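Visitor: what shape does this take:
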Amino acid sequence: MCAARSHDASFTGLPGTVGATADAVRAMGRRALAVRCDIGNEDELRAMVDAAISELGGVDVLMNNAMASTRAPFVESSTGQWDESMSVNVRSLFVSAQAVLPSMRERGGGSIINMSSGAADPHITGMPPGYLTYSVAKAALERFSTALAGELADVNIAVNALRPGAVKTEQSEHELGADWDWTGWKEPESVVPSVVYLAAQRADGLTGRIVDSTQYGTVWP
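Guide: Numbers count the residues shown, from 1 in each chain. Alright, predicted model coming up:
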């Protein structure tokens, strides 16, 4: 299942849609379902999971990849921006994990992957202005992942956080500008091996880890 807030590319101003992503999956001979879902809305998020179970038979892997970045310096930030970031980057993890738990338990296990960032690293103090809220949210995401792994170990569900490194996506180019120095940035496809490996994990494998894919190159581990 592929989910996004809109089926319309004009909604974000970025190329591609959730429907086009599902079509690409189908072109590879796989089943795919495109669903409109605002993950900041609990009812919509739970309805998305229900649709996956109804249409595809269950949930084996949950990939939490949505992100909200305020891009505002601290002194100019509002509590509304803070709340939106925490809703998308942190609260949605809680709701989605609870929603998929019954299906994963019934199927004998599963894998939850939460997409993090080097911004969560407490040793990195020089984040650009505008990333404070994002950094705090990603740090919370990582602690949520490691704590949840312990609670779900007895039902054979792995929970890991993945730091993909600097990835040049349409979103990052939109935020930073086409003239940004992209030296050392990776293409999105380079993250795939790490995600595939983590998706195959269960609690008796790799779990409760913060995985930095930049340590392993394009083949992990």
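Visitor: contacts only, for the residue nearest to the spatial centre of the chain.
Guide: Among the residues of the chain, the one closest to the centroid is Asn65, at 1.7 Å (Cα atoms, centre = their mean). If a contact means Cβ atoms under 8 Å, 6 or more residues apart in numbering, then Asn65 has Met115 as its contacts. To be clear about C-beta, it is placed using only N, CA and C from the backbone, and glycine gets the same treatment.
Visitor: and Gly58, what helix or strand is that in?
Guide: Remark: Gly58 resides in no helix or strand, with elements defined by DSSP states H and E.
Visitor: residues in contact with it?
Guide: Gly58 makes contacts with Ala52, Ser103, Met104, Glu106, Arg107, as judged by Cβ under 8 Å, 6+ apart.
Visitor: show only the entries of those residues found in helices.
Guide: Restricting the contacts of Gly58 to those inside helices, with DSSP state H as the criterion, leaves Ala52, Ser103, Met104, Glu106.
Visitor: didn't the first one look like it was pressed against Arg31?
Guide: No. Here Ala52 does not reach Arg31: they are 10.9 Å apart, not a contact under Cβ atoms under 8 Å.
Visitor: helices and strands around the host helix or strand of Ile113, which ones?
Guide: According to DSSP H and E, Ile113 maps onto strand 110-115. Applying 3 or more Cβ pairs under 8 Å, 6 or more residues apart in numbering; DSSP states H and E, one finds that strand 110-115 contacts strand 61-64, helix 92-106, helix 132-152, strand 157-163, helix 192-199.
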